[in-house]
Structure formats: structure tokens, C-alpha cells
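Chemist: Build me a model:
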Amino acid sequence: GVLTTLDLSFNGGPEGAKALASALRDNEVLTNLDLCDTGIDDEGVKALAAALRVNAVLKHIDLRYNILGDEGKGVIRDAVSGREGFELVM
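Modeler: The predicted structure follows:
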């Protein structure tokens, strides 16, 4: 089988988010990503948002309990806006 769900909750941090964003750009199988309580801040979520603009496979991302300000929340919402069936949890 292939990896379709990745739970990184309680791991990572802002630099981890940037590294993950790089991998997401080339992702062709991962559909669910749990980044709950990983210490991601606005800079990290901007990197994730950029990756999500080119990644059409991911359908669910959980960003609860991170350090997201209004700017970061807006950027990630914009990145997935209009994607049918996408679930963004913050």
C-alpha cells in the first residue's frame, strides 16, 4: 500500500513545516495530514500554503493548537479556498 495519512502531531516546529512543505510539492499520494500542536507559526504556515497551491492530492490538514496569527490563518485559507471537499481544521 501507499502512505495516505501522516500524523506528525506534537512534532516538528516552524523549520519542520518548511521542510514538510518542500516534500508536499511533489506529493502524489498523501491525502490526510495532521500537524496538530507542532509549533507551526505564520512563517511555517506560509510555506505550507505555497505547497498546497500546487498540491491537488491533499484533502485534509489539521493545524489546531499551533501559533497561527490572523495573517497565517488567512494565507492557508486562501491556499485551499475553492478546493472541493478539502477540510482545513484550525
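Chemist: State the next helix or strand along the chain beyond whichever strand or helix holds residue 76.
Modeler: If you go by DSSP states H and E, residue 76 is part of helix 70-80. Sequence order places strand 87-89 as the next helix or strand after helix 70-80, per DSSP H and E.
Chemist: Packing partners of the helix or strand of the chain with the lowest mean pLDDT?
Modeler: None of the helices or strands of the chain scores lower by mean pLDDT, DSSP states H and E than helix 14-24, at a mean of 88. Judged by 3 or more Cβ pairs under 8 Å, 6 or more residues apart in numbering; DSSP states H and E, helix 14-24 is in contact with helix 42-54. Backbone N, C-alpha and C define where each C-beta goes, glycine included.
Chemist: which helices and strands sit right next to the helix it packs on?
Modeler: By 3+ Cβ pairs under 8 Å, 6+ apart, helix 42-54 packs against helix 14-24, helix 70-80.
Chemist: For residue 85, the count of nearby residues, please.
Modeler: Residue 85: 6 surrounding residues under other Cβ atoms under 10 Å.
Chemist: Quick check, it in contact with residue 60.
Modeler: No - using Cβ atoms under 8 Å, residue 85 is not in contact with residue 60, being 9.1 Å away.
Chemist: ok, residue 30 - how many residues close by?
Modeler: Applying other Cβ under 10 Å, we find 18 residues neighbouring residue 30.
Chemist: sorry, that was for residue 57
Modeler: The tally of other residues near residue 57 (other Cβ under 10 Å) stands at 11.
Chemist: What of the one 3 residues further on?
Modeler: With neighbours defined by other Cβ under 10 Å, the count for residue 60 comes to 15.
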